[in-house]
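Chemist: Here is my input, please return the structure:
(chains A and B)
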Protein chains: 2
Amino acid sequence: MSEFQKTERTTITRLPKRGIYDKETIYTILDEALFCTIAYTGEEGPFQIPTGFCRIAGKIYIHGSVGSFYMREILSKKLTVSIGATLIDGIVLARSAFHHSVNYRSVVVFSTAELVTDEKELYEALEAFTEKMCPGRWNDIRQPNSKEWKATMVLSFKIEEVSAKIRVGGPKDDEEDYALDTWAGVLPLKITKQELIVDEDATHPVEVPAYLK
Amino acid sequence: MSEFQKTERTTITRLPKRGIYDKETIYTILDEALFCTIAYTGEEGPFQIPTGFCRIAGKIYIHGSVGSFYMREILSKKLTVSIGATLIDGIVLARSAFHHSVNYRSVVVFSTAELVTDEKELYEALEAFTEKMCPGRWNDIRQPNSKEWKATMVLSFKIEEVSAKIRVGGPKDDEEDYALDTWAGVLPLKITKQELIVDEDATHPVEVPAYLK
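Modeler: Reported below is the predicted structural model:
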């Protein structure tokens, strides 16, 4: 089991026992999160953008149009960015208002953007991106053509300065409150897939593929 | 229907047709989001913290321990913060890799923290916070005592400089790709409640209240 090195800005000061530096835990959170938030300091102050992303080995990848203002800005100025991803796993229902909480898993990475130009890496990033959103999808769709490749910018961020913060388990109430007749426990939350909605612009019927069933 | 005024930093430049300044739409997104991300520029550069929050009228409220480093920092230095909240509504499955997308609703607010000291406002914020996580809960639990009030810091942020960005609907493919035999449409996603987990430290059985069923 390998751990990331703590730095001053990744050291959890509030409830430090919730701080996690284990690589596998951090990668699992990043792989499960559907979007991340890229925060940086622009000319007009702090800024943040939510965006889809994927992880391959020790790097986070984002992609967008070559015209994306924020991607060009963080790349050209070599700005430090903070990348955050958060999963909400449940609502912790305590007997007292004070001890109500949330079970969560979150990661924050500090890094700097690098432009991906290597063709193999570009291809792998776009494949990983699509497969993260919908496993099995990549081999069922039209792959990018050269015009689309030229319109797409992919940035990578090394995952080196990073920490996770996690809360799990039930409520922790004050001793005297356990006698109350208040139901206590956890209401787990989960992102679930709903019924597929077929494209209303479809020109002919297509069977739903096995990976979507 | 009232609209927020655009400013330079809330004007959506990328895909401007997705930009929304309508108050009702923005409030609905904020009320549905289980957490927000507070981004600011600290002494060591850009920083972000995910946290629970609630909205009452034109203000966002967050709360935490009086010892919270980041809350004290943004308050004492009157730092501009960027507050982001994002909902992922579905995965847009196009016929081409390039046109894959995500249906989402996101809000970004620029604001500055104010310390809430008025007792009525404090109480209302904590009640709204609890009721947002679990409607019906507030009247079923032990209310905060004076020791707990003293340990809790509540900050408010005026919602004035704000924008939302939204994508809805099915995929938009290139004309020639509609002939492909690839299933296309939307895979909707939803945060759903799972089966309740009773507190394993409970000292006696308590019936599950109606608002949790």
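Chemist: Report all helices and strands that whatever helix or strand residue A:86 lives in contacts.
Modeler: Per DSSP states H and E, residue A:86 falls inside strand A:80-93. Here strand A:80-93 touches helix A:23-32, strand A:36-42, strand A:101-115, strand A:185-193, strand B:36-42, strand B:45-51, going by 3 or more CB pairs under 8 Å, 6 or more residues apart in numbering or on different chains; DSSP states H and E. Where C-beta positions appear, they are placed from N, C-alpha and C, glycine not excepted.
Chemist: what pairs with that strand, and is each one parallel or antiparallel?
Modeler: strand A:36-42 (antiparallel), strand A:101-115 (antiparallel), strand A:185-193 (antiparallel) (DSSP bridges).
Chemist: mind listing what's buried in that strand?
Modeler: A:80-93 (16 or more other CB atoms under 10 Å in any protein chain shown).
Chemist: Tell me which two of the residues you listed sit farthest apart.
Modeler: Across those, no pair lies farther apart than A:80 and A:93, at 38.7 Å, counting by CB to CB.
Chemist: right, so of the helices and strands packed on strand A:80-93, which gets closest to residue B:9?
Modeler: Per CB to CB, nearest to residue B:9 of these: strand A:36-42, 8.0 Å.
Chemist: what's the offset of that closest one from the middle of its chain?
Modeler: In terms of CA atoms, centre = their mean, to the nearest Å, the centre of strand A:36-42 is set 13 Å apart from its chain centre.
Chemist: ditto for stretch A:116-136
Modeler: 16 Å.
Chemist: Could I get the contacting residues of residue A:9?
Modeler: For residue A:9, the contact set (CB atoms under 8 Å, 6 or more residues apart in numbering or on different chains) comprises A:110, A:161, B:42, B:44, B:45, B:47.
Chemist: for the residue nearest to the second one when sequence neighbours are not counted, what are its contacts?
Modeler: If I follow you right, that is residue A:161. Take residue A:161 and drop its neighbours on the chain: the residue closest to it by CB to CB, 6 or more residues apart in numbering or on different chains is residue A:110, 4.3 Å away. The contact partners of residue A:110, by CB under 8 Å, 6+ apart, come to A:7, A:9, A:10, A:80, A:81, A:82, A:83, A:161, A:162, B:45.
Chemist: Turn those residues into TSV, columns for pLDDT.
Modeler: Formatted as TSV, these follow (pLDDT from 0 to 100):
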residue	pLDDT
A:7	87
A:9	84
A:10	84
A:80	97
A:81	98
A:82	98
A:83	98
A:161	96
A:162	96
B:45	93
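Chemist: mind putting these in CSV, distance to residue A:168 included?
Modeler: Compiled in CSV, the contacts of residue A:110 are given as follows (distance: CB to CB, whole Å):
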residue, distance to residue A:168
A:7, 25
A:9, 24
A:10, 20
A:80, 31
A:81, 28
A:82, 24
A:83, 23
A:161, 24
A:162, 20
B:45, 30
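Chemist: wait, residue A:21 sits on residue A:2?
Modeler: No - if you go by CB atoms under 8 Å, residue A:21 and residue A:2 don't touch, sitting 9.4 Å apart.
Chemist: Between those two, which has more neighbouring residues?
Modeler: residue A:21 (17 against 7; other CB atoms under 10 Å in any protein chain shown).
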